[in-house]
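K.L.:
Output the structure for:
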Amino acid sequence: MTKVLLVEDDKSIVSNLTEFLNSEGYIVSNVSGQTAAMEFLSKESVDMVLLDVSLEEGNGFATCKAIKAEYDIPVIFLTASGDEFSTVTGFDLGADDYIPKPFRPRELVSRIKNVLRRTGSTGKVVKLGDVVVDTEKGIALKNNRELYLSALEYRLLLFFINNRGILLTRNQLLDAIWDVAGDYVNDNTLTVYIKRLREKIEDDPTNPKIILTVRGSGYKVEA
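P.N.:
Just a heads-up that it's a prediction; the model follows:
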């Protein structure tokens, strides 16, 4: 799966963007400053850096320069500074794209995919049992046959994948698919979607082995 490092110190942006990108199949880590970003990259590999210009410690331009000097990692600037000077400076330092705040999440995902495609970092595939999910193409297959999931089923599956080994309450699941879809999803609707998803990914939906029910608590997918 595509691993993204979000270098941003606005907690609200971090929370909302992390939840959205997780639902789209990305694994997101966050640090708030330049030193922490370089320390993280020295220990962990990522496919993409989303970088704010104004940081709690250091600044985005210096961080981008340091990243590009040591690593072959694409960088997208996220910033409220939409002026020409900031844009040109960012590109001169090696940034792969530049998107001003406030941005639309869908546009950001499109920009991320375009940058990854240009830099040759596409084709991210993850397995869950005998289900294979290609997050770049946005498809899921079982026994080499496409499952034809609805948009909400697909996002629900991605949310389970990104939280393997974690007990997820019904409220957490509702928040995840409601925020992304932009439509009202109630508790009964969630039950229907989980039932439909199980019918497509489980060998025996009445005795699920992938999406497990934890009585009185929620659902869990084994790590």
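K.L.:
Break the chain into its domains for me.
P.N.:
Domain assignment for the chain by automatic domain parsing gives 3-118, 125-221.
K.L.:
List the strands paired with the helix or strand harbouring L50, with their directions.
P.N.:
Using DSSP states H and E, L50 sits in strand 48-52. With DSSP bridges as the test, strand 48-52 is paired with strand 3-7 (parallel), strand 75-79 (parallel).
K.L.:
Compare those strands and report which one is nearest to N186.
P.N.:
Ranking the strands paired with strand 48-52 by proximity to N186 (C-beta to C-beta) places strand 3-7 first, at 31.0 Å. No exception for glycine: its C-beta is placed from N, CA and C like everyone else's.
K.L.:
Can you list the low-confidence ranges for the protein?
P.N.:
Scanning the chain for pLDDT under 70 picks out 1, 81-91, 119-124, 136, 178-185, 223.
K.L.:
What segments of it are strands?
P.N.:
Applying DSSP state E to the chain gives strands spanning 3-7, 27-31, 48-52, 75-79, 97-100, 125-128, 131-134, 139-142, 145-146, 211-214, 218-221.
K.L.:
residues touching I177, list them.
P.N.:
With contacts defined as C-beta atoms under 8 Å, 6 or more residues apart in numbering, the neighbours of I177 are S23, L152, R155, L156, F159, V185, L190, Y193.
K.L.:
gap between stretch 53-61 and the chain center?
P.N.:
22 Å (C-alpha atoms, centre = their mean, to the nearest Å).
K.L.:
same check, this time on stretch 105-112
P.N.:
Put simply, stretch 105-112 sits 11 Å off its chain's centre (C-alpha atoms, centre = their mean).
K.L.:
Equivalent analysis for stretch 143-154, please.
P.N.:
Centroid separation for stretch 143-154 versus its chain: 19 Å, with C-alpha atoms, centre = their mean.
K.L.:
again, but for stretch 39-58
P.N.:
16 Å.
K.L.:
Can you list the buried residues in that stretch?
P.N.:
F40, L41, V46, D47, M48, V49, L50, L51, D52, V53, L55, G58 (16 or more other C-beta atoms under 10 Å).
K.L.:
and what of stretch 150-160?
P.N.:
Here stretch 150-160 shows L152, E153, Y154, R155, L156, L157, L158, F159, F160 as buried, counting by 16+ other C-beta under 10 Å.
K.L.:
how close does the second one get to S42?
P.N.:
Relative to S42, E153 is positioned 39 Å away (C-beta to C-beta, to the nearest Å).
K.L.:
again, but for the fourth one
P.N.:
Using C-beta to C-beta, we find R155 at a distance of 33 Å from S42.
K.L.:
swap in the last one?
P.N.:
When distance is defined by C-beta to C-beta, F160 is 31 Å away from S42.
K.L.:
Can you show me the helices along the protein?
P.N.:
With DSSP state H, the ranges of helices along the chain come out as 11-23, 34-43, 60-70, 84-92, 105-118, 151-162, 170-181, 187-201.
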